[in-house]
Each structure stands twice: as structure tokens, then as C-alpha cells.
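In: sequence and predicted structure, then a few things I'm wondering about:
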Amino acid sequence: MCETVGQPDADRLLEGLTTLQVLAEKDGDALRIETLNVENPQITATAEGSYGGPQANALQANVTVAELSDVVPELSGRASVNLVAEETGDAWQVALDGDGAGVVIDLLGEVSNPTTSP
């Protein structure tokens, strides 16, 4: 039994009984995540998507943190983030929305040349 993952922020979020459910498959360079669920009193996270192979490259994820002080001690309250990313041609279309600690974010953007670095 693993009691910590060795990263303080993650350890606080995963404290206590945490359920992890993953249904994924890797075939050559293709990865398909049919279901990824993490759940405990501190965090609920879900994701699904695919990368590489014949299916469209896409990811959808939803994360809710019940109490932000579990991650950043200076903040408090609930926070949630929803992410949808889909590759279209040579770029990724990304939609991100979330709220927490009195902040609301609604982002729609395009990421191109993700393999180049500054």
C-alpha cells in the first residue's frame, strides 16, 4: 500500500481513501483513454481521449477540488476546471473554463507547433 506519492500537493489531494479507475489501451504509438476517474472527498477528476493512431487526437477532462487550501494553503473554497482539446490539422483547439477563489476563466485558443520550444 502506497501512503504518499512524494509530492506534497498531490499527497494532500489524495489523502485518505481514493478511488482510481482507468480503462485505457496502448497500441503502438496510439493511446486511447476510455475512462480515467479519480475520486475522494478532496478531488473528483474525469478524463477521456485519444492520441496517435487512426482516431482523432482529442482530450476532455473535468476536475473539481472541494477545498483549494488542500492545494494552495492561501486560497479557500471549491474550484472546478473543464478542458476540451482537439487536434485539427496542424494545431490544437483548446477550450478551458473554470472557477474558484473568486476567479472565473473562460479560454478558447489555438496551440500550433506544440513540439517546438522557445
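Out: Structure's in. What do you need?
In: every contact and neighbour count from this point should use C-alpha atoms.
Out: OK.
In: now for this protein, the helix or strand with the poorest mean pLDDT.
Out: helix 8-13 (a mean of 84; mean pLDDT, DSSP states H and E).
In: now tell me what touches that helix from outside.
Out: Outside helix 8-13, the residues within contact range by Cα atoms under 8 Å, 6 or more residues apart in numbering are 4-5, 42-43, 70-72.
In: helix or strand right after it?
Out: strand 19-27 (DSSP states H and E).
In: residues contacting that following strand, please?
Out: Residues contacting strand 19-27 (Cα under 8 Å, 6+ apart): 31-40.
In: paired strands for that strand, with orientation please.
Out: strand 30-39 (antiparallel) (DSSP bridges).
In: in the strand it pairs with, what counts as buried?
Out: 31-33, 36-39 (16 or more other Cα atoms under 10 Å).
In: could I get those as a markdown table with pLDDT and distance to Ala61?
Out: Below are those laid out as a markdown table (pLDDT from 0 to 100; distance: Cα to Cα, whole Å):
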| residue | pLDDT | distance to Ala61 |
| --- | --- | --- |
| Leu31 | 93 | 16 |
| Arg32 | 94 | 14 |
| Ile33 | 95 | 11 |
| Leu36 | 97 | 9 |
| Asn37 | 97 | 10 |
| Val38 | 95 | 11 |
| Glu39 | 96 | 14 |
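In: closest to Thr18 out of those?
Out: Thr18 lies nearest to Glu39 out of these, by Cα to Cα, at 5.7 Å.
In: what's the pLDDT at the residue nearest to Thr64 when sequence neighbours are not counted?
Out: Distances taken as Cα to Cα, 6 or more residues apart in numbering place Ser80 nearest to Thr64, at 4.2 Å, with adjacent residues excluded. Here, the pLDDT recorded for Ser80 equals 97.
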